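In: what's the 3D shape of this:
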Amino acid sequence: MQHTVSLKTLIIASVSSTVVAAIALVTLILPAEYNIDPTGLGQKLGLTSIAIAAETDAQPSQSPTGNKGSDEFQIIEVIVPAGRGVEYKFAMPQHAKMTYEWLTEGEPLYFDLHGEPKGDTTGYFESYTIATSNEMKGSFTAPFAGSHGWYWKNKTDSPIAVQLLVKGEYEVIGLKK
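Out: Modelled structure (predicted):
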């Protein structure tokens with residue numbers, strides 16, 4: 001028995017396939033691959049976090065995770081994607097000291113210099129400085145053992161590079177995902 005397909009059935013199948021592909025593109029592929037989420041469904045399904053993680057993974061850091069602090073400034077470049085925020089952290093024992101300076105090429109960023117106690121599972125963190133600026137310079141003494149560093153938020157529509165210079169007693173954790 002031979003089956004024949006009419007032209008009408010073929011057209012309906014082609015149009016249906018195209019509609020399903022377009023829906024999958026807009027709701028699944030664009031949010032997961034390119035962080036473009038016109039429907040908002042990608043964020044609700046957690047797909048945009050895949051694209052954000054890929055963006056931050058693709059940004060080179062001159063300081064690989066695990067590097068120890070020293071008496072000389074270490075230069076680290078952190079790219080803050082457009083309309084997004086990133087955290088860059090250091091593991092520090094209690095009372096460890098760090099001297100730092102960070103700056104952008106002029107664009108201000110919202111930032112929060114903060115720390116999270118080692119082993120804490122409650123989500124507690126302590127903010128030390130919250131402001132909006134294109135630079136910051138100072139020194140820091142860790143009040144407790146744990147991870148300490150910056151959250152930067154870019155409210156512009158272009159990525160912003162942060163040049164971070166640090167020296168002291170720390171171990172680089174790097175970008176926190």
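In: pLDDT score assigned to residue 121?
Out: Per-residue confidence (pLDDT) for residue 121: 89.
In: what does residue 50 give?
Out: So, for residue 50, pLDDT stands at 65.
In: What ranges does this structure have for its strands?
Out: Along the chain, counting by DSSP state E, strands occupy 74-80, 85-92, 97-103, 109-117, 126-133, 135-141, 146-153, 160-168, 171-176.
In: got those as TSV, with mean neighbour count and distance to residue 28 columns?
Out: Any C-beta I mention is one placed from the backbone N, CA and C, and that applies to glycine too. As requested, those are exported to TSV (neighbours: other Cβ atoms under 10 Å; distance: least, Cβ to Cβ, whole Å):
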stretch	mean neighbour count	distance to residue 28
strand 74-80	19	26
strand 85-92	22	24
strand 97-103	18	37
strand 109-117	19	31
strand 126-133	12	35
strand 135-141	14	40
strand 146-153	22	27
strand 160-168	19	29
strand 171-176	17	25
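In: I'd like these written out as a markdown table, with distance to residue 18 added.
Out: Listed next are the strands of the chain as a markdown table, based on distance: least, Cβ to Cβ, whole Å:
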| stretch | distance to residue 18 |
| --- | --- |
| strand 74-80 | 37 |
| strand 85-92 | 37 |
| strand 97-103 | 49 |
| strand 109-117 | 42 |
| strand 126-133 | 46 |
| strand 135-141 | 51 |
| strand 146-153 | 39 |
| strand 160-168 | 39 |
| strand 171-176 | 39 |
